[in-house]
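Q: Build the 3D model from these lines:
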Amino acid sequence: MSRDLIIAGNWKMNTTPTTGEDLVTAIDERLSSMPPENLPQIVLCPPATHLARLASMTTRHPFQFGAQNVHWAESGAFTGELAPSMILAAGASWAIIGHSERRRYFGETDETVRKRAERALAAGLRPIVCIGETLEERQAGATFDVLRRQLKVGLEGLTLTGKGGLVIAYEPVWAIGTGVNATAGQAEEAHRFIRDRIAEMWNSEIASGTSILYGGSVTDQNASELLACPDVDGALVGGASLKVDQFAGIIAATGAK
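A: Residues are numbered from 1 along each chain as shown. The predicted structure follows:
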């Protein structure tokens, strides 16, 4: 089974509606020189305050849009959260779940990741579920134990379909925003481990069809090497997604995939 090739830009808490619109326009113009058939799926995840405005823009390239979080309830007393129906109504079809910053600063757990992912799938959103180890866990040789736990607790019991369904992003926490990315060998090793675990939890067909993205200081300088790895199916890009030339360079690096 073939896999979706995806470049997702996580804008985090950056841009205003106006500067976000300018960024989308600039990315769209920058991509106009690239053959459409060579472009991956491009998912832009701006702050929720201007998601609807950006998703309604007329662009040359059919960008897809996503939220940076999603709640497991359809409505209720959950101040600051977004229901799946709100995200869909804003024109988005994706949601990032369990990003390391949500885990570190806002109490996200493997259990809440599962609840969010289950609800997102049921509502018709495509979740990008983030997993990854800290520097201390890697230095302790616990990388695979951490990934195994995050997959088991965060995904067990969900209905996965492979291609076109839930996406996993491996983001080693020690590489996020630090300028230090995992080597191609480290990324491939982790991605292969994740795919093998998916095969164990579901089956080999679903594992072979599930896209696994790499996230962690991805730039136009290291994207080609990372994307050349057999089990790396794209990237979840942070800071570089706010820089037009860098983001376009990362997208262009998928051409040889």
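Q: Need the contact partners of the helix ranked longest in the chain.
A: In the chain, taking DSSP state H as the definition, the longest helix is helix 184-201. Outside helix 184-201, the residues that touch it by C-beta atoms under 8 Å, 6 or more residues apart in numbering are 131, 143-144, 147-148, 151-152, 155-156, 160, 168, 170, 172, 182, 206-208, 210, 212, 214, 225-226, 228-232. Placement of C-beta: from N, CA and C, glycine included.
Q: So which of those are in helices?
A: T143, F144, L147, R148, L151, K152, L155, I206, A207, S208, E225, L226.
Q: Relative to D28, how far out is the third one?
A: To tie it back to what came earlier, the one meant is L147. L147 sits 36 Å away from D28, taking C-beta to C-beta, to the nearest Å as the criterion.
Q: wait, which of the ones in helices among the contacts of helix 184-201 is closest to P84?
A: Nearest to P84 among the ones in helices among the contacts of helix 184-201 is L155, at 17.6 Å by C-beta to C-beta.
Q: L147 and D28: which has the busier surroundings?
A: L147 (21 against 17; other C-beta atoms under 10 Å).
Q: can you pull the contacts of that one?
A: Contact partners of L147, counting by C-beta under 8 Å, 6+ apart, are I131, G132, E133, Y170, A190, F193, I194, R197.
Q: could those residues be laid out in JSON lines, adding pLDDT and neighbour count?
A: Shown next, in JSON lines, are the contacts of L147 (pLDDT from 0 to 100; neighbours: other C-beta atoms under 10 Å):
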{"residue": "I131", "pLDDT": "98", "neighbour count": "27"}
{"residue": "G132", "pLDDT": "97", "neighbour count": "27"}
{"residue": "E133", "pLDDT": "96", "neighbour count": "23"}
{"residue": "Y170", "pLDDT": "97", "neighbour count": "25"}
{"residue": "A190", "pLDDT": "97", "neighbour count": "25"}
{"residue": "F193", "pLDDT": "98", "neighbour count": "17"}
{"residue": "I194", "pLDDT": "98", "neighbour count": "23"}
{"residue": "R197", "pLDDT": "98", "neighbour count": "19"}
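Q: Tell me where the stretch 1-150 of the chain has strands.
A: 6-10, 41-45, 64-67, 94-97, 126-131 (DSSP state E, counting those that start in this stretch).
Q: Leaving out chain neighbours, which residue sits closest to E118?
A: In this structure, E118 finds its nearest non-sequential neighbour in L158, 5.8 Å apart by C-beta to C-beta, 6 or more residues apart in numbering.
Q: part of a helix, is the one you found?
A: No: going by DSSP: H, G, I helix; E, B strand; the rest coil, the assignment for L158 is coil, not a helix.
Q: quick one: contacts of stretch 67-78?
A: 10-12, 45, 47-48, 51, 81-85, 87, 90, 92, 94-97, 99, 102, 112, 115-116, 118-120, 125, 127.
Q: Can you tell me the SS state at A248?
A: From three-state DSSP, the assignment for A248 is helix.
Q: circling back: check the contacts of L147 against Q41 and report the nearest one.
A: Y170 (17.9 Å).
Q: Okay, the closest residue to the closest one other than its chain neighbours and E133: tell me how far apart.
A: What sits nearest to Y170 in space, not counting adjacent residues and going by C-beta to C-beta, 6+ apart, is A190, at 5.1 Å. A190 sits 9 Å away from E133, going by C-beta to C-beta.
Q: what do the two both touch?
A: With C-beta under 8 Å, 6+ apart as the test, A190 and E133 both reach T143, L147, P172.
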